[in-house]
Structures are given as C-alpha cells and as structure tokens.
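[1] Show me how the following folds:
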Amino acid sequence: MAPNVRPFLARLVRRLTNVDATDHATPEQQQGMRMLWLDGILASASTAFYAEFVVLYMLALGASATVIGLRASINGAAALAAPMIGAYLVARSGARKRWVLWGPGGVSRLALLAMAAVPLVFRGPAAVWGFVALLSLQAFASAVGMPAHHSLLGDVVPLPIRGRFMGAGMMFNSIAAVLVLPVAGFLVARIGGLSGYQVLWLLAALAGLGATAMYWRIPEPPSEEGAATQGGPLGGLREAWGSLRGNRPFLLFCGINFLWTVGINISGPFFTVHMVEGLGFSADTIAYLATFTTLFNVVALRLAGGLVDRHGAPKMTAIAMLLVPLMPLLWVFASTPVHIG
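    All right, here's what the predicted structure looks like:
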C-alpha cells in the first residue's frame, strides 16, 4: 500500500493545482507550481497556529496595551522598510529563491522557535521585550523576501493559468487555516497558561519549516534581474525611483494606502485586547471566531472575483474602503461572540 501512496498524492496535487490544464507550462514550471501550492498550504497552517494568539501570548507574558500598540508600530515600520531592502537584494544578486529561503523560510521560522522559548529564558518585562524583539525580527524577515517571492512566482506560474492557480491556492490556504484554528484554540484551552502558547509556536515553526522544504524544491529559472545585474543594480534602482516619482497615480495610491493603514492601526491591534479584557472571551472562543471569519473569507473570495470581473477593481476597492471604516463602530454594540462573529 505504501508504494502507491506517493503516486496517488502526486496525481491529487496535479489535479487540484490545475498544473496539467495548460500546454504553456514547462515540466520545471509544473514542478514549481506543485511546490508553491504545498508551500502555501503549510505556510497558512503555520500562520493559523499563532497569528490569532500573538496578543493573547503577549498579555499572558504581562504586556500592557501600550506595548501591544508599540509592537504593531514596529512591525509596520519593518514591513515598510524590508520590501525595499528585499528588492535591492534581488536587483543586486539576481537571485530570488535564496532570499525567500533565508528570510521568510529561514530567519522568520527560526524566530517562531525562539518565541516559544521566551518564557524559559526571560521573566517579567524582559520576557515581553524579548518577545517583541523576536516578533519584529520575524516581521522584517518575512517582508524582506516578498519581492523575491513575487518575482519567482511570476516566472514559475504561466500567465494564462495564473488567476486560476492563485484562486485555487488561496482557497486551499484558507481551508488549511479553517482546519488548524479550532485545533489551536483547543490546545491553548486544554494545556493552559504559557505552555499552551509555547506549544502553538512550536507547531507553527514545524509547519513553517515544512513549507520551507517545499519551497527549496522549486526550480529557479533565470531572472531578468539576474541579466540586469551586469548593467549595475544601483543605476537600475535610481532609474526605477525616478520613474516612480513621475507616476502621479501610483504616488496617489501610495498616499491613500498610507492613510488607510494608519486608520486601521489606530484600533486594529486592540480588538483582541478588548475581547479578552473587556468582554471576557477565552482563547478558544477567539480561535472559533477566527475560524468563522476564515470560512466566510473562502465564500467571499469566490464572490469577490466575479464582482471584480464585472465592475472593475478600482470601483470595488473604493466601495470596500468606504464600508470597512464603519465596522469598528459596530463594536460599540457588540458584547457576545455572536455579535463579534
């Protein structure tokens, strides 16, 4: 029975990822798409184990609301600076997979292991600040590899099937999160205390390292960045910056996105704090709410794709950006898990 399992799984992955549905993909691209698909599922499972519990872990370590807000600010700064550094590294070296494996696939996942060990090494305020430092390192390492990841994805996934491949990948990533979140909430409630969060971070690191192993198997085709390296990356970056400054619509988009992000982060980091300290929700209740939200996202993604195709991305984005800021107002009236859900 065992020898037949691997061919069966290979056929299942090919069917689910649609990699055989086109004549445009080379064998190397088909291999890369399968590994990207598995990497995405394992990475989503890894994120689901810890993302909804970061604030809860910090509260258990003794963090104040001020520190939680500061953590969000530091992560935002890291997310702003890291992609520019990542783009420079790709332009200078011409490599993509290397930086993904070192950043999101390496340092970021090892930081998860270190976060699990924080209560064993530090006590009191030192534990809180050690955890914040590791979170910041993880956020920076994750963001620094994004330009390389997107560049490699564009070469691995052929344009004719890119939308279908990405849509299927996002759906299965959400399904992985839906399966993991209740398990994570159960483990925290069953184990209890800091030990419960340590177990979640350990499982997140293991799933993340599994994703790294899948990404390592992606064949890396030659890149345009690699060919341009011989012409001098610094000049290319200056030219790109000059063209960016002359692109008024894109600069306007960046300004709007900046204001949008500032508005979201005024209240966003404190929703979990309010659920725990204001409404008295337990960790498993928060996990179940996150599961419900993820399930809704799976359905919403299917509907949103059709709406964007019919009405266009700018119009749908504008409508969403008008409605989303109204949602925090509803929290004034929310007092039960049903209201929050």
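
[2] Residue ranges in the stretch 1-150 of the chain under the pLDDT threshold?
    Along the stretch 1-150 of the chain, the parts satisfying pLDDT under 70 run over 1-24.

[3] What of the stretch 151-300 of the chain?
    Ranges of the stretch 151-300 of the chain meeting pLDDT under 70: 163, 223-245, 264-265, 267-270, 273-274, 276-278, 284, 298.

[4] what's the distance between stretch 103-116 and the middle of its chain?
    14 Å (CA atoms, centre = their mean, to the nearest Å).

[5] what's next to that stretch, contact-wise?
    Applying CB atoms under 8 Å, 6 or more residues apart in numbering, the contact partners of stretch 103-116 are 43, 46, 50, 57, 86, 131, 134-135, 137-138, 141-146, 148-149, 197-199, 201-202, 204-205, 208-209, 211-212, 215-216. For the C-beta atoms, the positions are set from N, CA and C on the backbone; glycine is no exception.

[6] residues of it that come out buried?
    103-116 (16 or more other CB atoms under 10 Å).

[7] if you go through the stretch 1-150 of the chain in chain order, where are the helices?
    With DSSP state H, counting those that start in this stretch as the criterion, the stretch 1-150 of the chain has helices at 2-17, 27-50, 54-61, 65-93, 97-102, 108-116, 118-121, 125-144, 146-156.

[8] about what we covered before: can you say which of the contacts of stretch 103-116 are buried?
    Of these, these count as buried by 16+ other CB under 10 Å: 43, 46, 50, 57, 86, 131, 134-135, 137-138, 141-146, 148-149, 197-199, 201-202, 204-205, 208-209, 211-212, 215.

[9] Could you tell me how far Phe122 is located from Phe172?
    According to CB to CB, to the nearest Å, Phe122 stands 38 Å off from Phe172.

[10] Which one's more surrounded, those two?
    Phe172 (18 against 15; other CB atoms under 10 Å).

[11] Next up, phi/psi of the more buried one, please.
    phi -70, psi -30 (degrees, to the nearest 10).

[12] Burial check on Leu54, number of neighbours?
    Small correction: residue 54 is Val, not Leu. 20.

[13] show me what contacts the residue nearest to it when sequence neighbours are not counted?
    Distances taken as CB to CB, 6 or more residues apart in numbering place Leu135 nearest to Val54, at 7.0 Å, with adjacent residues excluded. Residues near Leu135 by CB under 8 Å, 6+ apart: 54, 71, 74-75, 111, 115.
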